[in-house]
Each structure stands twice: as structure tokens, then as C-alpha cells.
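Chemist: Structure here, sequence nowhere to be found:
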């Protein structure tokens, strides 16, 4: 077999962080934002709350491993080297199989007999914590039963900064508090099923353009470095890292670092964000894995806090790795300290033990990512080891029931002139391709990379195969048959003669379906390189709605999209009697929509703002490079003011009277009833002062005793049969370190290319905002309890979603930010219920970059309670 080669040690010594921070880019002077270094990489805390047992088990396990075995579980075996999208090496001596990492945030990718769940944004629109937990648990159980160890989700990057961002549909909405709650509950659900969750993409991964050099060059852009998201420390803490802090507090086992740079330091070697914020400040005890090929160096990634390289090779199927044998060599020569490789292995194993993993209970992976054949090559890249790889294990259980409920409760009614719920309409006419099937089948487009038929899922790696797809046309037809309604459909956007003849008939209720699609940047659909080029409806959808409504006075519009579209004209159209946003609902699409249209379920609320124009959002995707052929510079100059915070700053007017006002605001959605809010009560629960964390960490521990420093002990074992392109932890050449590395400059010490103390294993000062996973425990002290009475003043039993917003006060702060909500279900007509929520110290604090801690300022603070970000009838001052 051909022996895998290893990259030069120069790759190990590449780029450390810059030493200063600025908040943006000065194109005239050429000054670029920079990220401060933070070293050494923090090691696990044996007393971290909730991790004590996992730490003890990991210690016992890792203490028995050799250096190559430790390296093996940190390094991917290479793209298509094993059965999953990502696998690390095995430890046969300990009975440990190759760990399986598999997409994704809405179900299993590249699998069969699995479920296709609603996307994160649709789930977010339910505003229902129990549904988020149930969704996570169902996805986790399917992953477990397929033999997956780490499920690559949930996603909170992007945060929804950009309305046209390609992957905003993967996450839960355009607010950090909402996303944080959804992240924490999803993590709890996934890990409760015995699978490690992976929160991603850390951090500030807000657009697809320029996230990878090769991808951008393939689209014709001349850049040599990936995009830099330039964000100041305050906004980073209060917005972009907030949901990840909640995930860490919930015990998430893994976090994926992102492709792009943050303040001109790559996400997977940004020591400030990995070492400083995530591990030191938030007390993250799990492991950081790279996004696929987001690693750009060796030693720099290791000492900056990355713990696992995915998929392991430098370029897909190259047979070379920044880690593998190079990481073994770096430990041997002292460039990466022994405690650091031990900490990597500890974090990986502790995350597994935390969710109940045992060697005895490990399931073999029973599916194969690279084909649907029963028999194929286990090592697909090398076409090696023909065997049964797919076992067609059905893991769906009764998850269709949850998917239908979650998608229905994540559907938002934006307009209703009394035509909904439908009640046995005499004649139902369905118009639009989006109501029907993809002619190629629901999985006919690889990674769902097209816009053919109904839009039930975004495109990219965050997708799954549909086991089936209930289209709106099929579900509505079944309901019409049951009701005795007449039913016809024209499932195209372009046959105006047939559409005109259909909707011009008497007694017709027309439902027009239209969509907009987006996804990950490696797929280009109709010139949209992941990010959308505009906010219009696709495939002539706007004209279709315009033409149908010109004829039919009872036109209902249903939109499937992974984010906002422009609805200003449609919302004002008197013949458009209802507008329904159905998100991207997954396999039960038609059934969940039918449940809403016929009033069988209660709708959700919008997790983002619907602007009147593209310009009304205030910021946009960076579509063209702006830094020569260097890293495009995306300056987050708007700070907190994106989505509803931007609209609140620009206008407090109503749609129509003010072009800057939103058409439909964040948190908005119509209900089947009306509600009255009253009796707002605020009780202060805690007057204790906040105590910053003090003290020192333990010294960096090592596990396993002394190991040989003789390079000759780290060659391939005698008689070992290598697989071509597979990444191994051993050295190809053991005559000398220089020969093993293939680098003429081999021999540089760490202090020649890393900042001082970068590999210092002595006790370190604790972060003042740090502590048990999630940060200082006192940040989560309940300071206020807030209650309000909600009375159903209408005639229908339904759900209400009360929301609490807070003004922090002070110059430059948003008008208000979300700080509480609940979904209160099945409130009977005339009944009153109590909305109850809590405000923690973190909720009412701002991040102070000077003191590097959360501070409750002296500025007056106000809370509001109501049904959306702009319908807030109750308010009170915090005392």
C-alpha cells in the first residue's frame, strides 16, 4: 500500500495571533482589526460542576493510553477514510472503535431510514422549550441508534445578523437570548439520548461568501485568505458568544470552530476566542473540533485550544495532515507540551463519558455516508476493504408525530382577515410549484441543492435525506376529500392560462405557494452562492401572487423560506386575505401546514423581522472582496443594531406610515384568539453583590506517566497494513526529527514563534467572570421574578407566547432586548393564566471590556411585557 506522507513541520509553526485589538478596518491606512493572544490553553477542571464523574472516568482511560493513541483520537482519519463524514482513529487495545462524527443540525445526513426534522429557524418560531428538548432528544436517539458518537449540531452561528445570510435557517432566530435558550434545550435533548452534541459554528459565521479560499476562488474571486468578521469585545460577549455560553452551561460536549477569521485570526487558531473566552472565561470542559478543513496550521491550532482535527487531512483525500504524525513529533520535541495532548484526549473522552458512553456499550456504525449500497468499500477514498456497510436500520420510531407538531407550532400567521381557520371551503384551488413534489424525488438534488418542488429544507451539509415528504398538495387534498370540498391544483409558477382558468371560477379559495431558498456556500443555485442575492420570492413567486390576487378576492399566501422575504406589497393587497410563513418544516410539511390552516394547532411567532425593503435592514452580505487579494474585511460596525434592535432604533412608527418601520416585527404572529395583559408584578429576589471569581487553577496535569522521547519508537508497527490516504499517528521516517518532518528549518523551539508563556503549565489566575461551566455561578443568580396575568378574551382555546423585553439604559444601548418568554398552551376562552419569568444577573448586565466582567450599570432599567417586540402593553421600572 502507498504510505501516507506528512506535511512539513513548518506547517506546525504557522501563524500566531496578533497582539492588539481594534474594532474595525481602516482601508486608507491599511490597519486591520486584530485579536489579542491568550495563552496557555486552559486544561480541564476536575471539580467542574456536572463533569466530576466524567473527568474521573476519562482520567482512568487516558492514563492507559500511549502517545500515538492519544494523538489518534484527536486526528481525523481523512475525508472518506471511514463510514462517517468525520472519524478519528481507534484504540483497539482499549476496545475503542473509531469515533463517528455526523451532520447535522436537523437530522442525520447521508443516512437512510432516518427522520427529516424542521430546520432550526422553524423550530425557533415555536418559542417552545419543551419542543426544542424533544427535537434534540429525537435527533440524538436516531444518531445513537445509527452508531453516531457526535452529532454535529445544534447551530447558533449564524446569529441572523444578515437577512440574506445563507445558513440563518440552520439556527433559531435573530436574537441571542432566543438562540441561547434553544441551544441549551437542544443540547440537553441530544445528550440525554447518549450522544455528544456539537454546538456550531463558533463564532461570527454570518455569511457564506469568502468563508473558504478554495470555494471563493472557484466562484472567480481572487482572495488568498478567508473573510474576517471584525467585532469588538462588548458586542462579542453580549450577542455572538451569548448562545454558546448557554450551551456550555447546559453541558455541551463539543464546539465546532468556524471557517472564517475573527479579527483577522482564523477561528480554529484564535487563542482569544478558544482559550480566553470559551475555555478560560466560560469554563468549557468539552473539546473543540475544527470545521471540515478549517485548520490552517498545526502547533498554533493545538496551543490555541483546538482539540480535534476534522476531517484530518489538509485537503480532502490528500493523505497529509497538520496533526497525526506531525502532532506526535511536536509532542516529542516539546513544541506541544505533554499536558496539552493529554488535555485534548481528556476533553474528548470526558465528553463521551458524560453522555453515558462505555466501551462495552458502543454500537457499530450501521450506515455509510458515501453510497446507499449494502456492500461497498469501508475506506471509500482508497477503495479498500469491501464489506457490508449499510444495514438499513430504521431509527425513526414515532418521531413523525413530533415533527408534525413542531413544524405546525413553528408556522407563523402574519395576516388573517378572518378567512382562517378554513372550515370546509366549497372549492379549494392550489397554485404554485412550492405546493408540489420535486420531479426528481425529495432527495433528487444532492444535499438538497436546488429549488424544485416544495421547500422543506435548506441546502448544504446541514441537511438530511427525507424518508418521505408530505407535500402541501397531497395533505390539503386529503383534507378536502374528508370535508367534501372540491379540490384542484396547478403545480407550476409559469402556466398562467391554466392558473387563470382555475382561480377565476366562482366560490374559489385560492392558496398560492411561493418560496425562497438558501444554504451553504459550496452549492450555487441559480447564481446564489449560499447567501441569497435578494429578498424576493423565487421562480416568479411575487408575480404569481400578484396575478392570482388580481382575479381572486380570497387569496391566501403560503411562504416556505429560511428567512425573511419582502412582503410590503403583499401585506397591503386587499385580495390577499391571509399570509402564512411555514418555514422549512421537514418531512411532515403538508400535514403540519394543514393543521394550521384548518385550526387544528396553534401557530408560532416570527423569530426575525420582516423589513419593507432590503435597505431597511441596514446591513448586507459582503458580496465583493474589499481588501485586495487579502482577507475580505467584514466590519460589524452596527454592533447590537441588527434585526429588531436596528428597526427599533430607526423607527417607532407603523408599517405604511414610515418606510423604515418593519412590515411584521420580531416576535409577531397572529393567534386564534385575543389576549389581554394585566397585573404586571416585579419582585426583587436577590440584593447580594456580585463577587468576581478569584484564585488559581491547578497546575496542568499529565496522565500516563513518562513516555519514550526516542523518535525511533514511533514508527509504524512491524507488519502494519496501511490504508492509502488514511491518517495515522506514527512517523514515516524515524531516523531523525528533521527527516520525519521533511522540513529544513526543523528544530525551532516554541518560544521562537509563540508568545511568551504559551505552553506554561503552571497554575493560572482564574477569570473574574469565569467559573463552573457557563461562567461565574453568580451570573445566573435570579435577581428579579416577573409575573403578569394573561386572559383569553376571545372564543377559541389556543396558545399564547408572552415575551419580556428589557432596556439596559445608557448611551448607545438598544431600545430593548429580549430577556424572557414562554409558550403557554391551551388557554381556554375566558381563562386567565400567569406568565412567570426570571431575570438573572447576566440578563440585566452589560459586558465591561475594561474590567473584563459583567456589570449592572447605574442606568435606569425598564421591562416591558407583551406579545411581540412592538406590542408591549405592560411596563415597569426595575428598582
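Modeler: Yep, it's here. Keep in mind the model is a prediction, meaning the values are calculated, not measured.

Chemist: List the contacts of the residue positioned nearest the centre of the chain.
Modeler: Computing the C-alpha centroid of the chain and ranking residues by C-alpha atoms, centre = their mean puts residue 155 first, at 1.0 Å. Shown in contact with residue 155 (C-beta atoms under 8 Å, 6 or more residues apart in numbering): 105, 120, 167, 170, 171, 199, 200, 201, 462. In this view, the C-beta of every residue, glycine as well, is placed from N, C-alpha and C.

Chemist: where's it relative to residue 98, distance?
Modeler: According to C-beta to C-beta, to the nearest Å, residue 155 stands 25 Å off from residue 98.

Chemist: wait, isn't residue 827 in contact with residue 796?
Modeler: No. With contact defined as C-beta atoms under 8 Å, residue 827 does not count as touching residue 796 (9.5 Å).

Chemist: Between these two, point out the one with more neighbours.
Modeler: residue 827 (22 against 15; other C-beta atoms under 10 Å).

Chemist: Got the phi and psi for that one?
Modeler: Residue 827 adopts backbone torsions of phi -90, psi 120, taken as degrees, to the nearest 10.

Chemist: Specify the beta-bridge partners of it.
Modeler: Here residue 827 sits in beta bridges with residue 798, going by DSSP bridges.

Chemist: Against residue 798, how distant is it?
Modeler: For residue 827, the distance to residue 798 - C-beta to C-beta - is 7 Å.

Chemist: Now list whatever residues contact both of the two.
Modeler: Applying C-beta under 8 Å, 6+ apart, one finds that residue 827 and residue 798 are jointly contacted by 673, 792.

Chemist: Dihedrals phi and psi, the residue nearest to the centre of the chain?
Modeler: The phi/psi pair for residue 155 (degrees, to the nearest 10) is phi -110, psi 140.

Chemist: Next one, pLDDT for it please.
Modeler: We note a pLDDT of 98 for residue 155 in this prediction.

Chemist: got it, and residue 657?
Modeler: Residue 657 is given a pLDDT of 76.

Chemist: Can you report how many residues lie near it?
Modeler: Neighbours around residue 657, by other C-beta under 10 Å: 8.

Chemist: Could you do residue 721 as well?
Modeler: 7.

Chemist: Ok, residue 850 next?
Modeler: 7.

Chemist: Where does it sit: helix, strand or coil?
Modeler: The three-state label given to residue 850 by DSSP: H, G, I helix; E, B strand; the rest coil is coil.

Chemist: what helix or strand is residue 865 on?
Modeler: strand 862-866 (DSSP states H and E).

Chemist: actually residue 592, sorry about that
Modeler: Going by DSSP H and E, residue 592 is in helix 589-597.

Chemist: Residues in contact with that helix: which ones?
Modeler: Contacts of helix 589-597 (C-beta under 8 Å, 6+ apart): 403-408, 411, 413, 420-422, 454, 456, 469-476, 478-479, 511, 556, 558, 560, 580, 582, 585, 600-601, 603.

Chemist: hmm, 7 Å instead?
Modeler: Here helix 589-597 makes contact (C-beta atoms under 7 Å, 6 or more residues apart in numbering) with 404, 407-408, 411, 420-422, 454, 456, 469-472, 474-476, 479, 558, 580, 582, 585, 601, 603.

Chemist: among those, which are in strands?
Modeler: Judged by DSSP state E, strands contain the following of the contacts of helix 589-597: 558, 580.

Chemist: State the pLDDT value of the closest residue to residue 106 other than its chain neighbours.
Modeler: Nearest residue to residue 106, sequence neighbours excluded (C-beta to C-beta, 6 or more residues apart in numbering): residue 117, at 4.7 Å. If you check residue 117, the pLDDT there is 99.

Chemist: number of nearby residues for residue 101?
Modeler: Residue 101 - counted by other C-beta under 10 Å - has 26 other residues nearby.

Chemist: repeat for residue 231
Modeler: 27.
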